[in-house]
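Participant: only the shape, not the letters, is given here:
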């Protein structure tokens with residue numbers, strides 16, 4: 001289904017009956033990431049999910065956004081559908097949006113579920129500085145003809161090798177930088193509603209240490225760690241994740 005929100009054509013799905021559960025997907029993902037969960041949860045809840053701006057079938061914002069812009073967009077989406085959201089569940093970047101919205105009082109759910117959520121600014125380690133140096137040198141070298149013909153191919157391989165979403169962010173590069181440079185530790189500490197943290201034991205994108213830190217910061221929270229699962233634990237172990245969510249809600 002499509003709806004116009006803040007002048008952006010927005011794709012969403014609305015399934016099931018019961019209290020409204022809003023699902024927010026991660027960076028470079030889409031609402032389809034929750035297919036397995038929704039098949040189970042829609043028997044008890046009205047599950048609403050959307051493609052966030054710039055992803056899936058929703059249009060790309062015309063300017064660079066910050067995290068609050070996504071919070072405001074989701075708020076406008078909720079108002080457009082005229083629904084009362086009882087619960088919010090966010091994966092990775094979607095968890096960032098949920099934390100920011102709840103901490104600032106813009107979102108007012110009864111409970112929140114954070115799945116392998118991002119939100120901490122990583123320190124600039126020696127390794128990071130080396131990577132940045134290599135990138136700068138490589139850019140200079142590949143600016144000399146005829147090596148310029150190889151520039152994009154080499155850049156893509158480099159960023160893929162270091163597991164960075166920057167190269168593939170496309171028109172959202174500046175937005176991506178804005179998002180990852182906002183630390184949500186203080187926001188997490190302000191959350192006063194019950195929170196369920198679900199983490200894949202083998203997550204390397206947002207490691208378990210992040211989940212443990214969120215667990216310490218959010219006063220009324222519990223952490224569930226799922227073995228043999230990574231960053232996309234909601235897809236890898238959909239039945240287990242759905243069971244945890246249903247018990248919590």
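Facilitator: Looks like it came in fine. These numbers come from a predicted model, not from an experiment.

Participant: now what about stretch 70-80, what contacts it?
Facilitator: Contacts to stretch 70-80, defined as Cβ atoms under 8 Å, 6 or more residues apart in numbering, come from residues 3-6, 8, 10, 12, 22, 24, 50, 52-53, 85, 97, 100-101, 104, 106-107. C-beta coordinates here come from the backbone N, C-alpha and C atoms, glycine included.

Participant: could you chop this protein up by domain?
Facilitator: Taking automatic domain parsing as the domain assignment, the ranges for the chain are 2-121+182-248, 126-172.

Participant: quick one: the helix or strand hosting residue 174 to chain centroid distance?
Facilitator: Assessed by DSSP states H and E, residue 174 sits inside helix 173-180. Relative to the centre of its chain, helix 173-180 is centred 13 Å away, using Cα atoms, centre = their mean, to the nearest Å.

Participant: stretch 66-78 now?
Facilitator: The chain centre lies 13 Å from the centre of stretch 66-78; the measure is Cα atoms, centre = their mean.

Participant: check stretch 29-43 too.
Facilitator: Put simply, stretch 29-43 sits 15 Å off its chain's centre (Cα atoms, centre = their mean).

Participant: first-to-last residue distance for that stretch?
Facilitator: Distance between the boundary residues of stretch 29-43 (Cα to Cα, to the nearest Å) amounts to 24 Å.

Participant: let me see the mean pLDDT of that stretch.
Facilitator: Stretch 29-43 shows an average pLDDT of 98 in the prediction.

Participant: in that stretch, what's buried?
Facilitator: Residues 29-34, 36-38, 40-42 are the ones in stretch 29-43 that count as buried (16 or more other Cβ atoms under 10 Å).

Participant: now stretch 43-57
Facilitator: Neighbour counts over stretch 43-57 (16+ other Cβ under 10 Å) mark 44-56 as buried.

Participant: what's around the nearest residue to residue 179 once chain neighbours are set aside, how many residues?
Facilitator: Spatial nearest neighbour of residue 179, chain neighbours left out: residue 67 (5.6 Å); criterion: Cβ to Cβ, 6 or more residues apart in numbering. Neighbourhood size, residue 67 [other Cβ atoms under 10 Å]: 22.

Participant: pLDDT value on residue 67, please?
Facilitator: pLDDT, residue 67: 98.

Participant: mean neighbour count, the domains of the chain: which tops it?
Facilitator: domain 2-121+182-248 (a mean of 19; mean count of other Cβ atoms under 10 Å).

Participant: how far does it sit from the chain's center?
Facilitator: 7 Å.

Participant: list the residues that contact residue 111.
Facilitator: 86-87, 193-196, 248-249.

Participant: just want the most central residue of this protein.
Facilitator: With distances taken as Cα atoms, centre = their mean, the residue of the chain nearest its centroid is residue 93 (1.6 Å).

Participant: tell me which of the contacts of stretch 70-80 fall in helices.
Facilitator: Mapping the contacts of stretch 70-80 onto helices (DSSP state H) picks out 97, 100-101.
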